[in-house]
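Enquirer: no sequence for this one, just the structure:
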């Protein structure tokens, strides 16, 4: 309350109202002209706004003097809100508080009118509160905006006795209402941020109300005043940094008012171009200058947001969380996860990720002091990306960290803000604060990217797409692809291709295997294709679906692409992914999935196709062209996509000199799982018998394929988990497996008898989930086969039992796709009887047999 | 003036926009809608489970044209949206009493 104007306690002056209005109008015009001139010079900041406010103060004081003629009551006229802070923009409202020392009667009402009417005539937008001094004994807490406005109260005119009383009342009752104001401020801030979807990275930001904008600067200062030192040791924002950010935002906002002639605060594309000229951004074309402006804007807004976050957490009462160690050099404190020993943490950047891992698993933030430490150390030292994941174990942890789950995107945001994300993945620095100008995108490229990860988290609970996300084998590759899908926007050229090329560096640094590398490359290169086809092509046309499905080698890629598309479209703006678009994507996914799993048997390898040519061209010298061609004859085209050239050459060698009742196979460990590849001459019960041997040894079949050629060659490939560690615990295990498989395929041992000996042991493991099995026949997708789809709780020996029921019915198993998704088995059999599709009677009978078997073994 | 409302396949919007553009009809409103006409949806199967697709995604295009251009506009829409298969959509024509430009306040003639 620095400003005081003493006035007569008895009566005001009689003046000529018309003359007064002309004079005040001229005075106001002059003040506005000064502010406009300063704004045009790029100086419409704090000092210019204060001068503008002081001129308005003079006008208000003169009007108070004039209106004083109507009442003898003691009174005070105060500026509140932004006007109280002297942040008076060209077209901002002026908020006044009028306080009377006694009851408000007709004379006081006349005073109010005599003050407000001339202000309205001068075209001010006036917000006013009229109160009696007694009202302050018990504060109205139902109006949080009013409470907050009081915090910036500045007396413009009034009786000294009354204003002294007002000051004393406010001071004495402060301990009572300050907590209420603090709560109101936190609530209002959260509400305001939610209107902007809690992100400051808006391409057309609101420089007054948006996250990180002017109202947040004020909220930060207010919380510091209200919260006091509730939590000592918490670092507030640097006053200089906050002040600099405020000055920058004020200059921009002043320009908006001048450019639009109204109280407009959204820095639209058009107004960004005007702002760069006004604020003297030079060099490069307009796009570059605008990007420079917006980069400065986001830097300041981020600084404000982080400062506000720190102050907000410090101002509120701490939650009753004990401080405790939760791992190597990590502590769980009130503010979140932090390092127990800062010096140790500073010297070990490869361990920083652990703090974020711990934070995700506890769904809490990384504490400010830990973030500040990481930021500071990066300013002091030069780190290469590899220093954050120097060993295969560190690289594995990075991948593990990227698995989508609640809290991941929030932690990635923290990593971005403290610089760690860009240090680990430098390609992401190129899209920091990057502006995309089109009719659709609402956020900067980096923010859009992190929102895609948030969408991936949210998909987990989506009834349609959640199960698909839970099914994919390597969801961390989806998140890595999301992080890199738009990095190409930083450079010239098709951003899908450029992005894939930029991701190759990351793939190499993380030591990802060929399959993972192919997946990420595929997803980034094709990240726009599914939405284009779903939204712009006639997907009821089978050829459109066929062409789309032909993009994919496996259903896994299709699943990843639909998930990536959903996350990407949903992060363009809150309105972009409508239920309508989601429906179109779902239908295209289902049609393509059905095409790939139900119709692939008809699409056999063509000698002339490019994939065969490549296979022949790279053929090792021990395989002749004729041998290669004979092996491929009649196999589904899918085979060429599923397997690498080397794997196919191995299959050719396995098939050599094969005789009836023989099995040529190899067994190898691949990452976490084992893989069994068997080549044999097809015969009834072959597939069932091989599955039975795997069940006998307690192996859980994860996924696999069974293919038969018209020449009678059967190729079965199984990936399985050795859940009981049989191979690990038995040095002779692989030999034993080898012997049993040969005996069973050769017909020397009956696998059913073998399995009976295991009942009550490995076969007793049962899924905890109880879902009704689905047995469905499709006769439409394939011209050659009846397709049997089976979805059931996974159980040891399930595949053996199912295929045995089929073979018992005299039905041939020609092709099989095997997949397990969590505790659910999804198997697709292409079957025939005597080389033809099944009759309806066959289907009904087989369905009944399968359902009976599933019920009996449930 | 007439309001022409066309319910069309989603992938036909660009064709229609282009066809109307050739008639110098540039202003249009496009809305994502779902519904069914005689094409009452169908049953789809995903992993052996059937689900009903009763409401089909369509686009609704609205254009206001002078009376003199109505026939040509309808012809252009039908020509651009037609595949000959069930589900091509519908076109409705309604009278418009008055129209105003909000920015200028001028009344449409």
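Expert: Sure thing, it's come through. Just so it is clear, the structure is predicted and the values come from calculations on it, not from any experiment.

Enquirer: Counting neighbours, what do you get for the residue of chain B found nearest chain A?
Expert: Here chain B gets closest to chain A at one residue, residue B:48, 3.2 Å apart by CB to the nearest CB. From N, CA and C alone the C-beta is placed, and that goes for glycine too. Under the neighbour criterion other CB atoms under 10 Å in any protein chain shown, residue B:48 is assigned a count of 19.

Enquirer: Kindly report the same for residue B:77.
Expert: Burial of residue B:77 is recorded as 23 neighbouring residues (other CB under 10 Å).

Enquirer: List of residues touching the longest strand seen in chain B?
Expert: Using DSSP state E to assign secondary structure, the strand with the most residues in chain B is strand B:56-65. Around strand B:56-65, the neighbours that count as contacts under CB atoms under 8 Å, 6 or more residues apart in numbering or on different chains are A:580, A:583-584, A:587, B:1-10, B:12-13, B:16, B:20, B:25, B:27-36, B:39, B:41, B:73, B:77, B:87, B:89, B:96, B:99, B:108.

Enquirer: helices or strands next to the helix or strand following it in the packing?
Expert: Secondary structure here is assigned by DSSP states H and E; on that basis, the next helix or strand after strand B:56-65 toward the C-terminus is helix B:70-81. The criterion is 3 or more CB pairs under 8 Å, 6 or more residues apart in numbering or on different chains; DSSP states H and E, and the helices and strands that helix B:70-81 contacts are strand B:2-8, helix B:13-22, strand B:56-65, strand B:89-95.

Enquirer: Report the rounded mean pLDDT for the host helix or strand of residue A:478.
Expert: With elements delineated by DSSP H and E, residue A:478 resides in helix A:475-484, which encompasses its position. The average pLDDT within helix A:475-484 is 98.

Enquirer: list the helices and strands it packs on?
Expert: The elements that helix A:475-484 packs onto, with contact taken as 3+ CB pairs under 8 Å, 6+ apart, are helix A:392-401, helix A:445-459, helix A:495-509, helix A:514-525, helix A:555-570.

Enquirer: what angle separates it from helix A:514-525?
Expert: Using axes from the mean of the first three to the mean of the last three CA atoms, to 10 degrees, the inter-axis angle of helix A:475-484 relative to helix A:514-525 is 40 degrees.

Enquirer: Can you pull out the residues in contact with helix A:475-484?
Expert: Helix A:475-484 is contacted by residues A:399-404, A:408, A:412, A:425, A:427-428, A:449, A:452-453, A:456, A:469, A:472, A:499, A:502-503, A:506, A:516, A:519-520, A:523-524, A:527, A:560, A:563-564, A:567-568 when judged by CB under 8 Å, 6+ apart.

Enquirer: What segments of the stretch 151-300 of chain A are strands?
Expert: Defined through DSSP state E, counting those that start in this stretch, the strands belonging to the stretch 151-300 of chain A, from first to last, are A:154-158.

Enquirer: which stretches of it have low pLDDT?
Expert: The stretch 151-300 of chain A contains residues with pLDDT under 70 at A:227-238.

Enquirer: cool, the stretch 401-550 of chain A as well?
Expert: Regions of the stretch 401-550 of chain A meeting the criterion pLDDT under 70 cover residues A:438-439.

Enquirer: Kindly report the residues of it close to chain B.
Expert: Residues of the stretch 401-550 of chain A lying near chain B by CB under 8 Å from any CB of the partner chain: A:535-540.

Enquirer: same for the helix or strand of chain B with the lowest mean pLDDT, what does it pack against?
Expert: Every helix and strand in chain B was compared by mean pLDDT, DSSP states H and E; the lowest is strand B:49-53, with a mean of 76. In terms of contacts (3+ CB pairs under 8 Å, 6+ apart), strand B:49-53 is packed against strand B:42-46.

Enquirer: Strand B:56-65 and the strand it packs on, what's the angle between them?
Expert: Using the same axes, to 10 degrees: strand B:42-46 against strand B:56-65 is 130 degrees.

Enquirer: how near is the residue in the stretch 451-600 of chain A that chain B sits nearest to to residue A:534?
Expert: Evaluated by CB to the nearest CB, the stretch 451-600 of chain A has residue A:580 as its residue closest to chain B, separated by 3.9 Å. According to CB to CB, to the nearest Å, residue A:580 stands 11 Å off from residue A:534.

Enquirer: who's more crowded, those two?
Expert: More crowded of residue A:580 and residue A:534, by other CB under 10 Å: residue A:534, with 26 against 17.

Enquirer: if I've got this straight, that one is in a helix?
Expert: Yes. Residue A:534 sits within a helix when classified using DSSP: H, G, I helix; E, B strand; the rest coil.

Enquirer: is it true that it touches residue A:584?
Expert: Yes. If you go by CB atoms under 8 Å, residue A:534 and residue A:584 touch, sitting 4.4 Å apart.

Enquirer: who in chain B is up against chain A?
Expert: Taking CB under 8 Å from any CB as the measure of proximity, chain B contacts chain A at B:9-12, B:14, B:32-34, B:44-49, B:53, B:57, B:83, B:85, B:87.

Enquirer: In the stretch 601-750 of chain A, which residue sits nearest chain B?
Expert: Here the stretch 601-750 of chain A gets closest to chain B at one residue, residue A:703, 15.1 Å apart by CB to the nearest CB.

Enquirer: Quick check: closest non-adjacent residue to residue A:250.
Expert: Sequence neighbours aside, residue A:45 is the residue nearest to residue A:250 in space, at 4.4 Å (criterion: CB to CB, 6 or more residues apart in numbering or on different chains).

Enquirer: I'd assumed residue A:252 was in contact with that neighbour.
Expert: No. Between residue A:45 and residue A:252 there is no contact, the gap being 9.5 Å when judged by CB under 8 Å.

Enquirer: Looking at those two, which is more packed in?
Expert: residue A:252 (29 against 20).

Enquirer: show me what contacts the more buried one?
Expert: Residues in contact with residue A:252 (CB under 8 Å, 6+ apart) are A:207, A:267, A:275, A:279, A:297.

Enquirer: That one and chain B: what is the separation?
Expert: 26 Å (CB to the nearest CB, to the nearest Å).

Enquirer: swap in residue A:429?
Expert: Between residue A:429 and chain B the computed distance is 37 Å (CB to the nearest CB).
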